[in-house]
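> Could you look at this predicted model? Sequence included:
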Amino acid sequence: MGGASSVHPLAVSSVPKDYRASMSSSFATPEATMSRLPAWVAYDRKVLRFSGYFKEAVHASAAESWRARKCLIYYYLEDDSMHIAEPRVENSGIPQGVLVKRHRIPREGSNAFLTVDDLAIGAELAIYGRVFRLTDADAFTRAFYAQNGVQLAEGEETPADPFSRKQTSHAHTHHKLMNPLKTFMEASLGKQMHGGIEATQKFLQNDGQLRHPSALSTVLIRSQNDAGRSPAVRCSSSL
């Protein structure tokens, strides 16, 4: 018995070059030999990944009329199934996650299903009422197409919608100025308040000191605890 294979499941070198021949093979045909395995064996855990987006109209907002929703399109070579997921964006206000669960997706206006021939940079896929435009692919996907004689185009930029531009320009300004009374109440309950610590330290260090505007003398005023005595004023001349 030979040792376990050290080839990574997603290594490009482990992908058969003749994809279409593998797809036409099965254990019921003479072509299914050790040199030409069926697709569900040869392409086990081999997944193509494309980046893309689809445009969605926004009707309930005065700040935007449409939004470009980025997504990832996964194509499983072992059985030609696909699934589409949308990465979650903070404060997007819309439900995100899996948009289309894994299954074979029918081609619009046809009885056939989507295949690797339908996937390309710049291609638009009409899937269940949405039009997905593919903008880029990962390194494994590009190598797979190159081994099968297809060179994918360079990646495209996703159009910036009003929401994306607003999030980019105000990425670090979502913290609002806290009301002083609220600050006091939270501090009294034990919250560590970092704002204004430097100003407070400076105030305590310079308490009781007064510097003359001419910078020629420094007046130090010290309060006396004894009753009936006025504060002592000491003037030290810098001359």
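Noted; the coordinates are in hand.
> any weak-confidence spans in the protein?
Low-confidence segments of the chain, defined by pLDDT under 70: 1-36, 167-178, 192-198, 200, 210-239.
> now the strands for it?
Counting by DSSP state E, the chain has strands at residues 47-57, 66-76, 81-85, 98-103, 124-127, 130-137, 209-211, 217-222, 232-237.
> Tabulate those strands in JSON lines, adding columns for mean neighbour count.
(C-beta placed from N, C-alpha, C; glycine too.) Formatted as JSON lines, the strands of the chain follow (neighbours: other Cβ atoms under 10 Å):
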{"stretch": "strand 47-57", "mean neighbour count": "18"}
{"stretch": "strand 66-76", "mean neighbour count": "18"}
{"stretch": "strand 81-85", "mean neighbour count": "19"}
{"stretch": "strand 98-103", "mean neighbour count": "14"}
{"stretch": "strand 124-127", "mean neighbour count": "16"}
{"stretch": "strand 130-137", "mean neighbour count": "19"}
{"stretch": "strand 209-211", "mean neighbour count": "10"}
{"stretch": "strand 217-222", "mean neighbour count": "12"}
{"stretch": "strand 232-237", "mean neighbour count": "9"}
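> Now render the ones you listed as CSV, adding distance to A199.
CSV is the format used below for the strands of the chain (distance: least, Cβ to Cβ, whole Å):
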stretch, distance to A199
strand 47-57, 47
strand 66-76, 42
strand 81-85, 48
strand 98-103, 50
strand 124-127, 57
strand 130-137, 49
strand 209-211, 16
strand 217-222, 21
strand 232-237, 27
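> how's the protein carved up into domains?
With domains defined by automatic domain parsing, the chain comprises 12-168, 198-239.
> and L181, which of these is closest to it?
Ranking these by proximity to L181 (Cβ to Cβ) places domain 198-239 first, at 17.8 Å.
> For stretch 122-138, give me every contacting residue.
The contact list for stretch 122-138 (Cβ atoms under 8 Å, 6 or more residues apart in numbering) reads 48-56, 71, 73, 84, 99-100, 105, 108, 114, 118-121, 145, 152-153, 155-158.
> May I have the distance across it, first residue to last?
One end of stretch 122-138 sits 15 Å from the other (Cα to Cα, to the nearest Å).
> Now do the same contact list for A57.
The neighbours of A57, taking Cβ under 8 Å, 6+ apart as the test, are S65, W66.
> give me the beta-bridge partners of it?
Beta bridges link A57 to W66 when assigned by DSSP bridges.
> And it, how close does it get to R67?
8 Å (Cβ to Cβ, to the nearest Å).
> Then P38?
To R67, P38 is 42 Å away according to Cβ to Cβ.
> just T141 next, same as before
26 Å.
> Could you do P106 as well?
P106 sits 27 Å away from R67, going by Cβ to Cβ.
> Same check on W40?
Taken as Cβ to Cβ, the span from W40 to R67 is 38 Å.
> K166 now?
11 Å.
> before we move on, what about G190?
Counting by Cβ to Cβ, the gap from G190 to R67 is 41 Å.
> repeat for G149
Applying Cβ to Cβ, the value for G149 to R67 is 37 Å.
> With V150 instead?
In this view, V150 and R67 are 32 Å apart by Cβ to Cβ.
> ok, now Y128?
Here the criterion is Cβ to Cβ. By it, Y128 lies 18 Å from R67.
> And for A160?
Note on A160: its distance to R67, by Cβ to Cβ, is 11 Å.
> Check A112 too.
31 Å.
> cool, and V41?
Using Cβ to Cβ, V41 is found at 42 Å from R67.
> my guess is Y53 meets C71, correct?
Yes: with contact defined as Cβ atoms under 8 Å, Y53 reaches C71; the gap is 6.3 Å.
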